[in-house]
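*Asks:* The sequence isn't on hand, but the structure is:
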């Protein structure tokens, strides 16, 4: 779900950026952006400074919120059981330790897992000897 939302934002940003690039190529740069004495130029520069400062403030707030959420999640997690050890014995696998999953959790021993997947391919036959001409 997060990936789909991010894809929409990326697609929207690409669409807006493409539209701006098309408009500049089609209609040219507006005159007031190139003329240093135009009346609208100081207003646009002031707005760009405000937008830059506002963007920085939003980024810092987002970073603080993300760090706080990460810290809250880490603090609320339960302690994970110790990792299980695994040994293979003639056709079965024995798990010992805190194994979770299945119909319950806790210590599990003597689990038999049959062959998973197709059997391995047989080995290639050896190459025939190369005759030497004497």
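*Replies:* It's in. What you see is a predicted model, and the numbers here were worked out from it, not measured in a lab. Numbers count the residues shown, from 1 in each chain.

*Asks:* quick one: low-confidence ranges for the protein?
*Replies:* Low-confidence segments of the chain (pLDDT under 70): 1-2, 72-117, 134.

*Asks:* make it 90
*Replies:* Counting by pLDDT under 90, the chain shows low-confidence ranges at 1-10, 20-45, 66-134.

*Asks:* what's the lengthiest helix in the chain packed up against?
*Replies:* Scanning the chain for the longest helix, with DSSP state H as the assignment, gives helix 41-76. If contacts are counted by 3 or more Cβ pairs under 8 Å, 6 or more residues apart in numbering; DSSP states H and E, helix 41-76 sits against helix 31-34. All C-beta atoms are positioned from the backbone trio N, CA, C, and that covers glycine.

*Asks:* ok, and what's touching the helix it packs on?
*Replies:* For helix 31-34, contacts defined as Cβ atoms under 8 Å, 6 or more residues apart in numbering pick out 38-41, 44.

*Asks:* please redo it, this time with the cut-off set to 6 Å
*Replies:* For helix 31-34, the external contacting residues (Cβ atoms under 6 Å, 6 or more residues apart in numbering) are 38, 40-41.

*Asks:* Just the buried subset of the residues you listed, please.
*Replies:* Buried residues within the contacts of helix 31-34, defined by neighbour count using 16 or more other Cβ atoms under 10 Å: none.

*Asks:* buried residues in the longest helix of the chain?
*Replies:* Within helix 41-76, no residue is scored as buried using 16+ other Cβ under 10 Å.

*Asks:* And residue 62, how far from residue 68?
*Replies:* From residue 62 across to residue 68, the span is 11 Å (Cβ to Cβ, to the nearest Å).

*Asks:* now residue 15
*Replies:* Using Cβ to Cβ, one gets 33 Å for the distance from residue 15 to residue 68.

*Asks:* now do residue 5
*Replies:* Applying Cβ to Cβ, the value for residue 5 to residue 68 is 21 Å.
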